[in-house]
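Novice: Build me a model from this:
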Amino acid sequence: MRAALDWALSEDSVLGLELAISLEQFWVATSPHEGRQRFEALLERAEPVPLELRARALRDLAGTTEVSGDIERAAVAYERSLEFFEHLAKKKGILRLLHRLANIARARGDFARTRNLGEEGLQRARSGGYRYEEFDFLSSLSHTESREGNIERALELQLSALAIVREAGGWAWGEPQYLGTVAEYCCLLDRLDDATTYARQSFRLSCGIGDRITATYAIAVLALVARRSGDDETAGRLWGAIEAEEERAFLGWWQTDREEYARRILTAKSADFERGLAAGRQLTLEEAVT
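Specialist: A predicted model of the protein is given here:
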């Protein structure tokens with residue numbers, strides 16, 4: 001596929017955009033920076049481009065940019081994509097952009113806008129019969145409830161979103177993220193066994209598609225569980241493996257949440273934690289979980 005994209009850049013950039021869009025899940029899971037570069041180069045070369053194709057390409061350019069950690073540039077591309085989908089009156093495209101912009105609002109800390117977009121999108125999805133698209137907005141509202149301290153409600157909404165994904169046959173990239181969020185909420189509610197189960201499921205599925213970022217979040221939840229259970233050595237080992245993974249390659253949007261996890265995991269480090277931390281820095285994520 002990379003060879004085909006290289007060829008298409010100079011010979012048929014419109015076809016190249018179709019190919020790049022078809023690989024969106026690959027880019028965001030395993031190579032967001034490369035995906036961003038591919039979309040930027042193809043959009044620069046491709047003229048003229050059918051409007052819907054340009055809308056889809058801008059959406060996926062924004063997606064790879066967001067996962068790479070550049071929220072503001074992603075927001076610009078999402079807004080342009082939404083304008084095109086609205087012009088085309090493509091309801092499903094509009095719904096997906098509303099969800100993406102809700103994620104941007106959450107990353108900016110604008111939880112009022114996150115809630116507004118989530119509620120608007122959920123109402124549109126339900127009234128239009130878009131059952132599958134409901135889960136995106138349930139997840140957005142879940143994050144808002146969590147931010148406001150309503151963890152039980154947040155967990156309920158996230159489990160509802162997860163149920164729709166599974167009802168539809170699963171989603172290789174999204175399902176591990178939802179599982180990781182459920183694990184986080186269970187940890188906050190001191191349901192540590194449930195948190196461990198969901199975090200391990202998230203880790204297994206994310207590793208299965210090479211998604212290092214989501215796998216890192218799952219490890220962080222497992223470290224939190226170990227910390228809350230009083231197992232400082234295991235917590236240190238897991239966090240040490242995260243630090244080693246950060247040294248290997250940039251982890252995109254993990255960086256936006258890292259400090260919050262660090263604040264909760266690295267406080268009051270004991271000798272056991274330090275011993276585990278040193279050992280974990282020599283391990284891969286998979287080895288640490290094993």
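Novice: Could I get the full set of strands for the stretch 151-290 of the chain?
Specialist: Using DSSP state E, counting those that start in this stretch, the stretch 151-290 of the chain contains no strands.
Novice: quick one, helices of it?
Specialist: All helices of the stretch 151-290 of the chain, identified by DSSP state H, counting those that start in this stretch, fall at 151-167, 174-188, 192-208, 212-229, 232-248, 254-265, 271-280, 285-289.
Novice: For residue 53, the count of nearby residues, please.
Specialist: For residue 53, the count of nearby residues is 16 (other C-beta atoms under 10 Å). To be clear about C-beta, it is placed using only N, CA and C from the backbone, and glycine gets the same treatment.
Novice: Look up the pLDDT of it for me, please.
Specialist: Looking at residue 53, its pLDDT is 97.
Novice: Compute the distance between it and residue 74, please.
Specialist: As defined by C-beta to C-beta, to the nearest Å, residue 53 lies at a distance of 19 Å from residue 74.
Novice: sorry, back to before: got the helices of the stretch 151-290 of the chain as CSV, with distance to residue 69 columns?
Specialist: Listed next are these as CSV, based on distance: least, C-beta to C-beta, whole Å:
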stretch, distance to residue 69
helix 151-167, 23
helix 174-188, 16
helix 192-208, 18
helix 212-229, 10
helix 232-248, 13
helix 254-265, 6
helix 271-280, 24
helix 285-289, 19
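Novice: how about these, which one is nearest residue 107?
Specialist: Evaluated with C-beta to C-beta, those place helix 254-265 nearest to residue 107, the distance being 6.2 Å.
Novice: any chance of the helices of the stretch 151-290 of the chain in TSV, plus mean pLDDT, distance to residue 101 and mean neighbour count?
Specialist: Formatted as TSV, the helices of the stretch 151-290 of the chain follow (pLDDT from 0 to 100; distance: least, C-beta to C-beta, whole Å; neighbours: other C-beta atoms under 10 Å):
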stretch	mean pLDDT	distance to residue 101	mean neighbour count
helix 151-167	96	18	18
helix 174-188	96	17	24
helix 192-208	97	25	20
helix 212-229	96	21	24
helix 232-248	96	29	21
helix 254-265	92	16	14
helix 271-280	97	37	18
helix 285-289	92	31	18
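Novice: which ones are touching the spatially closest residue to residue 236 that is not a sequence neighbour?
Specialist: Leaving aside its sequence neighbours, residue 236 sits nearest to residue 276 (C-beta to C-beta, 6 or more residues apart in numbering; 2.8 Å). For residue 276, the contacting residues are 232-240, by C-beta atoms under 8 Å, 6 or more residues apart in numbering.
Novice: distance between stretch 23-38 and the chain's centre?
Specialist: Put simply, stretch 23-38 sits 13 Å off its chain's centre (C-alpha atoms, centre = their mean, to the nearest Å).
Novice: Residues touching it, excluding its own?
Specialist: 1, 5, 16, 20, 60-61, 63-65, 67-68, 172-173, 206, 209-212, 214, 250, 252.
Novice: which of the residues you listed count as buried?
Specialist: 5, 16, 20, 60-61, 63-65, 67-68, 173, 206, 211-212, 214, 252 (16 or more other C-beta atoms under 10 Å).
Novice: least confident pick among these?
Specialist: Lowest pLDDT within those is found at residue 252 (84).
Novice: and the nearest residue to residue 255 once chain neighbours are set aside, what is it in contact with?
Specialist: Of all residues not flanking residue 255 in the chain, residue 69 sits nearest, at 5.6 Å (C-beta to C-beta, 6+ apart). The contact partners of residue 69, taken as C-beta under 8 Å, 6+ apart, are 250, 252-253, 255-256.
Novice: what about 7 Å?
Specialist: By C-beta atoms under 7 Å, 6 or more residues apart in numbering, residue 69 lies in contact with 252-253, 255-256.
Novice: That one in helix, strand or coil?
Specialist: When classified by DSSP: H, G, I helix; E, B strand; the rest coil, residue 69 comes out as coil.
Novice: Please report how far it lies from residue 155.
Specialist: According to C-beta to C-beta, residue 69 and residue 155 sit 27 Å apart.
Novice: Residue 85 now?
Specialist: In this view, residue 85 and residue 155 are 32 Å apart by C-beta to C-beta.
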